[in-house]
Each structure stands twice: as C-alpha cells, then as structure tokens.
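In: Whatever this is, show me its structure:
(chains A and B)
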Amino acid sequence: MKKPRLVVVGNGMAGIRTLEELLKLVPGMYDITVFGAEPHPNYNRILLSPVLAGEQDFDDIVLNPLSWYADNGITLHLGKEVTRIDRVRRRVVAADGTEAEYDRLLLATGSVPFILPIPGKDLKGVIGYRDIHDTRTMIETAKVKRNAVVIGGGLLGLEAANGLRQRGMEVTVVHLAGWLLERQLDPVAGALLEKSLRERGLDFRLNTSTTEIVGNEAGEVAAVRFSDGGEVAADLVVMAAGIRPNTALAQAAGIHCNRGIVVNDTLQTYDPRVYAVGECAAHRGIAYGLVAPLFEQAKICANHLATFGIGIYKGSAVSTKLKVTGIDLFSAGDFMGGEGAEEIVLSDPAAGLYRKLVIRDDRLVGACLYGDTADGAWYFKQIKDGTAIGGRRDTLAFGETAMGEAGTAGQDRAATMADTDEVCGCNGVCKGTIVKAVREQGLFTVDEVKKHTKAASSCGSCTGLVEQILMNCLGSNFQETPKTKAVCGCTSLTHGEVRQAIREHHLVSHAQAYAFMEWRTPNGCATCRPAINYYMLSTWPREAVDDPQSRFINERAHANIQKDGTFSVVPQMKGGVTNPSELRRIADVADRYAIPMVKVTGGQRIDLLGVRKEDLVDVWRDLGMKSGHAYGKSIRTVKTCVGSEFCRFGTQNSTQMGIDLETMLANMWSPHKVKLAVSGCPRNCAESGIKDVGIIAVESGWEIHVGGNGGIRTEVAQFLCKVRTAEEVKEYTGAFLQLYREEAYYLDRTVHYIQRVGLEYVKRKVVEDAESRRALYERLLYALEGLPDPWQARIAGERPREYTPLKLEAPERRIPATLED
Amino acid sequence: MAMNANWVRVCALGEIPLLGSRVLDCGQADAIALFRPEADKVFALADRCPHRGGPLSQGIVAGKTVTCPLHGWNIRLDDGQACAPDVGCARTYPVQLRGEEVWLALPLELATPAGAAEAVA
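Out: The predicted model follows:
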C-alpha cells in the first residue's frame, strides 16, 4: 500500500519540530517532503543574536543536520521557495519548477519583517533581521562600515543593535514609543534598560518615527531622516519594527487568512488537508512570535497528522527575556497592571534593580523584572498556575529564596553558578552538564532535560533551578512545563479529567478505564497505572478491585525496597508508644533473621532494614504487630509528644489523641503519603507545623493545621480551625483527609492540593459547612471500615507467590539438553 | 547461546501473574526474572538493572517494558535494552511456552550445579 504523502513548506523550527513530534508518534506513517527557501538545514533562529554578537557560530545553532533528514527518509528541497499551491490537484510548485504532490500539507512559512513604507526602503543596505543571511550581511557590513541605524526598539531591534555595537559599529536605535520594549516592560524598567544600553555605547531616539532613508548615487544607504527633522548618517539600516506572518502563499491559494493563516484548535486551516503552525498561523486571532507556543502547536498538530485526533491547542501564555549578554530583564503576563490590579514594586535604581509584580484577586498575573531575573521562571510558574498568594504576600517580592527551599539554599541563582556546581543532588548532575545537553541536543523543556540528564528527575527539588538554567540558555524560547499536562504518554487527558471520568462514568476496573478513556497503550505504563488504581479505589471504595500489578513494589510487598533489593520493615507503633514485650519481640526477630540494621525512624517507630523478601511474611508473623504502612502512598504515622500525662507544660492528652487518630486512619490509601502529628502545647515538640495535619493542643481545645511538609521543600502548615473536643479533632481531620483523597491528583501532597484549590475552599468544605464535613467524614469511615491489615492478610496466605522465588529443579530431574535447541 | 543452552522447565504459566513477574533463584548465580506482559507471552531477563543493579523482577510490567523499582529505568522485555535516553542492556534468556509450561534455556554455566567448573572440564 502506498503511504500518504506529507509535504511541509518551511524548513524552520515550527515545521521541523512538528515532524519530530510526528515521527515520535508514528514513525514511517508518511512519505515526507520538506521545502526550505533557505539553503540551510533547520537551525535555531533564536540564537541568531548570539551569532551576531560573535558568541556562537552558525554550526553551533544547527538543530537538524542533513543526516537527520536522510535518517528519517525525508526528501529535502533546500533553497527552493514554494510559489504556488494547487489545491485541486493537491501539489505544490517551487520557483524552479520542482513539484510535490500531497495528501496532507503543512504550512510553516514563518514571518517576514515589516518593512516601513517610506522612501528609500529599497536601497542597498536596508535589511530585516530574520535569518542567517541577514545576520551574515550585518557581520560583513560591520567589518567595513561605521554607522548603523536600527528601526524599532523591541526585542529583535535591541538584540540587533547590541550585536552590531559589539562588532564595532556606531548604532542609533529609533523607536516610536516613549520607552524601550514597551510591549515587555513598564516605563521604569524601560528607562533602566536604556541607561544600561547607553553605557554600552548605543544611542537612542525615542518618540521618534523615521520618515525617509536617503541614498547616495550608487543606490546605497547614506542617512536616515526623522519626524523631528533630525538626520543621522547610516551605512546599514535594520528594519526591526515588527514581523508579519508570511501568508502570501496561502493567500494566493485562497486559504482563509486574517493576520495569519487562520487555524482552529487542531492547527487545521480552512482547507481540511492543510495545516499551519508557527509564526505564519493565526490561532484565535493571535499569531505568536516566540518559540514556546510554536512547540506547543507542533505537538498538537503532530497528534492530528498522526490521526490520533486528541490534542487541543488553547493558546499559550508567554514570557520574555532579552538575549543581550549582561542585561537581565524578564517580563510575563499582565505586567502593566491598571484598573483593579494591585502592584508590589521593589526599586533600587542605583543598583540597577527593579521588580514589579501585578496582582489581581490574590493571584499573581504579571511580573516585570530588571537587573535580577533569577526568579523569573518561578514568577512565571506562579502566574501560570494561578496559585493563591495568601500569606506569602509579605515575601513574594523577594522571590523563591525568601519562600525557603531546603537543600538548594545558596544555590538558587543559576546565572552565578559555575559549570562544576552541582544542580541535582540526587543524581549528581552539574550545571555544565545541563547547559551542554541543552545546547547540543536542542532541549527546550524541563521534561527533556530530565530525560537526557536525569537532573530534577528524582526528588524534583531542583526543578526551579533547572528551569532557570534552561531559561538562561534559551531566553524567550524557554518553554515552561505546562501545569495541565497529560497524566503520561498513554493519554492526553489530565489528572483532573481522568478523576472526573472515573467518577462520572463509574469506572471500577483497569480494563474498563483504559477502554473508556481510549488509552493509547493496552495496559498503561508505570506512571499511569498506580494513579488510575488509586483514583478508582478512592472514588469507588469496596467496589473497585485493587490491582497489585498496578502498584509500586513497596505497596505490592508491603515493605520498602532498598538499594540491594532487600526490604525494610516498620511495624505500627501508634503515637510512637511501645512496650517491653513489643521491644523484646523486635529484638528476637532481629536476631533470628540476622537483620543487619535496627534504626529509629523520624516518625517515632523502629525500622528493621535489610530483610530478604522471602523472609518478610515470617518476620511479620514473629513480630506479631501490624503494618506501619511506612512504604505506601498512604497514612504513615502520627507523631506525638507525651502531653498532659507526663509533661509539666502539657495541656491535653496529645499521646492518646495521636493513638486515636492513627487507629482511625489505619490502612488508608491516599494520593501521596500522609503524616500527622499531635503536640500537647504550643511548644510543638511533635513538630505539628510541618505535617499534612498537625494538631496543637491549647488549654481551651485543639488547633488544626493543614498542608505542612518537612520533606523536599519545607512548607509550614496553615491554620485551618480550632475545635474543642477530641471527637471534633477526629471529625475535622477525617473530613479534610477525605477531601484530599477525593480531589487531589496522584502524587500531590496536601500542600500541593491546597495550593491548587485554595485554603478558603478547604475551609468552606470542612469548617463552615457542617453537613459537608459530616458527609466527608462518613465517606472516609465507610472507605476504611473493614480494610484488612495487609501483613495479617499475607500471614493468612494471601498471594503467597509474591514472596516465594521459583527454584531451579535439581539437575537429575531435568530433561537433558537437546541439540536442536 | 542456544547451542550451549540447556532447556529446563521452570513453572506452569499460571504461576506467573499476568502483567507481573516471578524471580527464579539460581543459587550462586544471578537470579533470572520472568515476565508475563501478555497472557501467552513470557520473557526472561537477568534480574539486574543495567543502571545500578536493581531487581527488575520487582518492577511494574507494562506494554513491552518493565520499570526498574530503584530509579525508574525502562527496560525492554524482548531484548533487554534500556529505553532512550538511558543506555544499557540486561542479559536475555530464551523462553518457550510448551503448552501451559514455561521453559527456559539456561546457559551451560547454570545448567549444572557445579557450573563453570564442569563447563571448563
């Protein structure tokens, strides 16, 4: 059977990225032909500025060498500009007569510089700044000429001006607006930028328009005249007054265009056989000029070209960074503020520091940073996530460091780090390794960096740092990890959508779930299966069937796997209280099974480390204690202090309260681990401030705090409410945890859940609405009632094969070798 | 390897859980992990992840791969290769289903208890 033919017009980043995504999904589905007007393979257009500035060579910025096209069986026509699309006969024709027929056509024609319609625009020496040819023209001109005028003080104009200055030219930037980068910066930051660029020798004419370019007898540029009557000498004029989507080809073929080739949410044009991505496409009225949105489009477009038909492009949030070495500025979102917006401004003009945050409805909506942009990625994340600011408002202006992040203290400034500084402490990845991978392998997202370098792929606490490094390498092309991303590669659905489908369509088995939600894989993967298993169990308790093969080994074997394949055993010790008989049994077991280490855990229990898997069931039997669930996404432990029974400061019996809570929550599965603590007085010896639920006893009752975390990143628990009786503590705690169990996404701790929905929402459901609270509490008790202790179930003989290795039969009982084998 | 191999019956097919695995204890030698990704398919790999020696038999089996429980490398069941971008390979052993029985081709050094000593002799 003949393969369908895909023709791509445009050999740039958007078109080729779409092909890469497509080849990942369905290698070999199409016969692919690519037309490129330039005589080069796909290169990283974003890095033209470093090439102009002399910091990189062209070879450094090639993304797909010619061998890539050959390896993927792609027919490549370089230096051939497509001039006509024949939609009736479904073929494209290039200027030199080359033709190619298509079944699907992808237009990725990019954009063209906007050339001001003024006298002299066609003189020799007037150029745009779009491709490597323009860049080389500038480099060559700088070698022999002196004066350059850049029209346009936007990102592109300033990068061109800076590069030309670095190459030794006298540069004047003409700008229509009152301050530089008026679309990216507010006036204050714009003025700071101007000052710093003037110090580098650039000259500016703001509030000025160009009226004429004057030529000499040879038809070359000689001078530029302005609206105020002024004139400067010029040997080179760079038009950087904006870009226009390159729609000429599509328009000539009768494809609907309106400030770009109009596409729907699947990147399809008005001709269903024709798709468009990148700067030439107009999606919901917007033609994007930055690379991050192009890549999102490429992903979706590839999905539809692969006939999967799942992705929807909803538009992109964009952030900007200027790629001028030594000048740090960053902006994102609605940084101008205005009606109904509040602003937090931090300004130190003498030090060249400026920071403006725009807030609406307790959420960060815009940021404009100058001088120190290390927190740019972090602010951008806050904007995209729409996280409620709440109590963090006081320190918000000081950035992520001020929020406190253990483990990366003093190392949170990617720019100042040396290449040999370690970024990822888990996997031992240095900054230099990441930078190298980003540059050489053309990585654009944190996920790609994770995959290729392993940085941020374990505990994730360095994710912010990796994002910063990525941003510094890529500038405005940095692609932020979308928050609403798919569960895994098996689906395009997000965690929220999966939860909803399981609830609304009463899905109770894996087979049913994958079929209904149209999973791409027959039985999921190691990422989605545990999540689906949890969602079904928590949504349909006593109905959904727990699938052991969809659980991580620790939850399947009810013990924690160690680096050498042995396991650790932590028996339940409610509230951290034990007795001589238990301790004796633990000691005996440790002796009997030659357990190499016995250790006290942070959760006030005892850990037996180095137990062989085949000994687990016997160890549990001999211990005669229940499982402490130290291995699961589940209730872990309730830490307590001694409270009023012994302590001279204790106000309530915190120990008993802890024991009661741990009894109530025994065997509870949850989206992630859940840790509790009960302290007998505000001295808080049980460290209630960093627990998922932290109870602090006071003379008049109990305070309940939620969403604390002592792990990867220390988070202080937030005050939920104060109650009077121990019974109420159980009800409120239970209701909160049930809300978390029902609504949080898998592997989100309580702090992440609360950040997503807001503490106010939690308070409404758990504190203010008594009916809702009781209903939640009852659903929790219903879900937990009758759950067996997993160790007891195994001792009673459940799934014995898990713990019993197969043995080779004795040789004499084997059938002898046969030669044909 | 097949020429030097010795086919042995390991277990009944039903003794390996579907989408799961069993580990075969080989005494002094490295254990072998048996995987059953589909009802009538069984693969065998050395029970050692090429990354840091994690027990692959304890991983989650999905599609054509197993995910190592220690650091999440994905290892292809059919040829033992690590999935990109990781690089490494776990040794594979030929498996046959004879009716409801799982048969494994052991390399000669494992085929007899005296192992390598006899092989040399």
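In: what's the closest non-adjacent residue to A:M625?
Out: In this structure, A:M625 finds its nearest non-sequential neighbour in A:P571, 3.7 Å apart by CB to CB, 6 or more residues apart in numbering or on different chains. From N, CA and C alone the C-beta is placed, and that goes for glycine too.
In: Would you list the phi and psi of the residue of chain B found nearest chain A?
Out: The minimum distance from chain B to chain A, using CB to the nearest CB, falls at B:T67 (3.6 Å). Dihedral angles of B:T67 (phi, psi; degrees, to the nearest 10) stand at phi -100, psi 120.
In: how close does it sit to B:Q58?
Out: 10 Å (CB to CB, to the nearest Å).
In: tell me the contacts of the residue nearest to A:M625?
Out: Applying CB atoms under 8 Å, 6 or more residues apart in numbering or on different chains to A:P571 gives the contacts A:582, A:586, A:605-606, A:623, A:625-628.
In: These into JSON lines, with extra columns for secondary structure, neighbour count and pLDDT?
Out: Formatted as JSON lines, the contacts of A:P571 follow (DSSP: H, G, I helix; E, B strand; the rest coil; neighbours: other CB atoms under 10 Å in any protein chain shown; pLDDT from 0 to 100):
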{"residue": "A:E582", "secondary structure": "helix", "neighbour count": "16", "pLDDT": "97"}
{"residue": "A:I586", "secondary structure": "helix", "neighbour count": "21", "pLDDT": "97"}
{"residue": "A:R605", "secondary structure": "coil", "neighbour count": "20", "pLDDT": "96"}
{"residue": "A:I606", "secondary structure": "strand", "neighbour count": "20", "pLDDT": "97"}
{"residue": "A:L623", "secondary structure": "helix", "neighbour count": "20", "pLDDT": "97"}
{"residue": "A:M625", "secondary structure": "coil", "neighbour count": "20", "pLDDT": "97"}
{"residue": "A:K626", "secondary structure": "coil", "neighbour count": "17", "pLDDT": "96"}
{"residue": "A:S627", "secondary structure": "strand", "neighbour count": "25", "pLDDT": "96"}
{"residue": "A:G628", "secondary structure": "coil", "neighbour count": "25", "pLDDT": "95"}
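In: Chain B: strands as residue ranges?
Out: B:6-12, B:20-25, B:32-38, B:41-46, B:60-62, B:65-67, B:74-76, B:92-93, B:95-98, B:101-106 (DSSP state E).
In: Quick one, which of the ones you listed gets closest to A:Q184.
Out: Closest to A:Q184 of these, according to CB to CB: strand B:74-76, at 41.4 Å.
In: residue of the stretch 301-450 of chain A with the smallest distance to chain B?
Out: A:N427 (8.4 Å).
In: Report pLDDT for that residue.
Out: Listed pLDDT for A:N427 reads 75.
In: count of neighbours near the residue of the stretch 601-750 of chain A found nearest chain B?
Out: Proximity of the stretch 601-750 of chain A to chain B (CB to the nearest CB) peaks at A:K613, 8.0 Å away. By other CB atoms under 10 Å in any protein chain shown, the residues close to A:K613 number 21.
In: just to revisit the earlier point, nearest spatial neighbour of the residue of chain B closest to chain A, skipping sequence neighbours?
Out: Using CB to CB, 6+ apart, the closest residue to B:T67 is A:A526 (3.6 Å).
In: Check for me that the one you found belongs to a strand.
Out: No - A:A526 is assigned coil when assessed by DSSP: H, G, I helix; E, B strand; the rest coil, not a strand.
In: Can you tell me how far it is from B:I75?
Out: 11 Å.
In: Kindly provide the whole-number mean pLDDT of stretch A:720-729.
Out: 96.
In: again but with stretch A:50-67, I slipped
Out: Across stretch A:50-67, the per-residue pLDDT values average to 88.
In: Please list the outside residues in contact with that stretch.
Out: By CB under 8 Å, 6+ apart, stretch A:50-67 touches A:13, A:16, A:40-44, A:47-48, A:76, A:132, A:135, A:138-139, A:159-160, A:162-164, A:166-167, A:323-325, A:439, A:442.
In: for the residue of the stretch 301-450 of chain A closest to chain B, what are its contacts?
Out: A:N427 touches A:453-455, A:457-458, counting by CB under 8 Å, 6+ apart.
In: again, 7 Å this time
Out: Residues near A:N427 by CB atoms under 7 Å, 6 or more residues apart in numbering or on different chains: A:454-455, A:457-458.
In: Distance to chain B for these - can I get that in JSON lines?
Out: Output for the contacts of A:N427, formatted as JSON lines (distance: CB to the nearest CB, whole Å):
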{"residue": "A:K454", "distance to chain B": "8"}
{"residue": "A:A455", "distance to chain B": "12"}
{"residue": "A:S457", "distance to chain B": "8"}
{"residue": "A:S458", "distance to chain B": "7"}
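In: can I assume A:L787 is in contact with A:N667?
Out: Yes - contact status for A:L787 versus A:N667: in contact at 4.1 Å, counting by CB atoms under 7 Å.
In: out of everything not next to it in sequence, what's closest to A:G285?
Out: Using CB to CB, 6+ apart, the nearest residue to A:G285 is A:R259, at 7.3 Å.
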